[in-house]
Every structure is written in structure tokens, then in C-alpha cells.
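Engineer: the following comprises the amino acid sequence and a computationally predicted model.
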Amino acid sequence: MMKRRRVARKSAGSFAPRIDVEEWMQNNPELMVHCPNQPGGLKLTKGACAKRHVTANEPRYANIGAEPFHVFVFKMNLVPCKNCEIGARLAAEQKTQVA
Ligand code: SF4
């Protein structure tokens, strides 16, 4: 019987960011928002939150149907963001900053 040679995988560290995420979050609390609507006590940047709100309100995400499963999951994940006041406020703030 021929044995298969094990090929060592590159360590996951080569793709990991070279910053201490916990330290970064402690030093930049004003950039983060705690989402009360997503499961798991989600913390994300205000920019990401605003982007989720804007994305959730795009016409192509209005209908949730029998798409491929990963698209269905993505759309379902955006449902709480659609009418979220936090996301709407942050999106409006970002819009005024850009203008
Ligand atoms: S838009 Fe609302 S529901 Fe969506 S991530 Fe932001 S706070 Fe959470």
C-alpha cells in the first residue's frame, strides 16, 4: 500500500493581521458599534454597520427567495439591518461626511 505524504500547510498566521485586535479595539472604541439586533453580541465598525444598512435597502435585496443557499443566508443576515435606526443614523452621518 502506498502511503500518502503529508504536505504541511502554511500556518494560519501568515494570513492573520499583524495587529492585536483586542488592543486596537480598546484604543479605538469610538469607531465601533455594538449591534443589538444581530446574534452573538456582534461588534463591528460604524462604517461596516452603515454599509450593511445601505446594502440591506438596495432593491436587489428586497426579495428573499429560492436563491442558492449562501445568497439566501446572506440576505437573511441583512434583514435586521433593513429598518435599523442605528444603521440609518450611521449611514446618514457617513453621507454627510463624504459630501
Ligand atoms: S444596521 Fe443595525 S442591525 Fe445591522 S449591523 Fe448595524 S446595528 Fe446591527
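Structural biologist: Now that the structure is in, tell me what you want to look at.
Engineer: for residue 32, phi and psi?
Structural biologist: In terms of degrees, to the nearest 10, the main-chain angles of residue 32 are phi -110, psi 160.
Engineer: is it in a bridge, and if so with what?
Structural biologist: residue 45 (DSSP bridges).
Engineer: just checking, it touches residue 48?
Structural biologist: No - the criterion here is C-beta atoms under 8 Å, and residue 32 misses it with residue 48 at 9.5 Å. Every C-beta, even on glycine, is put in place using the N, C-alpha and C of the backbone.
Engineer: quick one: the helices in the protein?
Structural biologist: Counting by DSSP state H, the chain has these helices, from start to end: 21-27, 46-56, 69-82, 85-98.
Engineer: which of these is buried the deepest?
Structural biologist: helix 46-56 (a mean of 19; mean count of other C-beta atoms under 10 Å).
Engineer: which residues are contacting it?
Structural biologist: Outside helix 46-56, the residues within contact range by C-beta atoms under 8 Å, 6 or more residues apart in numbering are 31-33, 35, 44, 61, 78-79, 81-82, 84, 86-88, 90-91, 93-94.
Engineer: filter the residues you listed down to the ones near the ligand?
Structural biologist: When C-beta under 6 Å from any ligand atom is applied, the members of the contacts of helix 46-56 adjacent to the ligand are 35, 81, 84, 86-87.
Engineer: tell me which parts of the chain are close to the ligand?
Structural biologist: Contact residues, the chain versus the ligand (C-beta under 6 Å from any ligand atom): 35, 37-38, 49, 52-53, 80-81, 84, 86-87.
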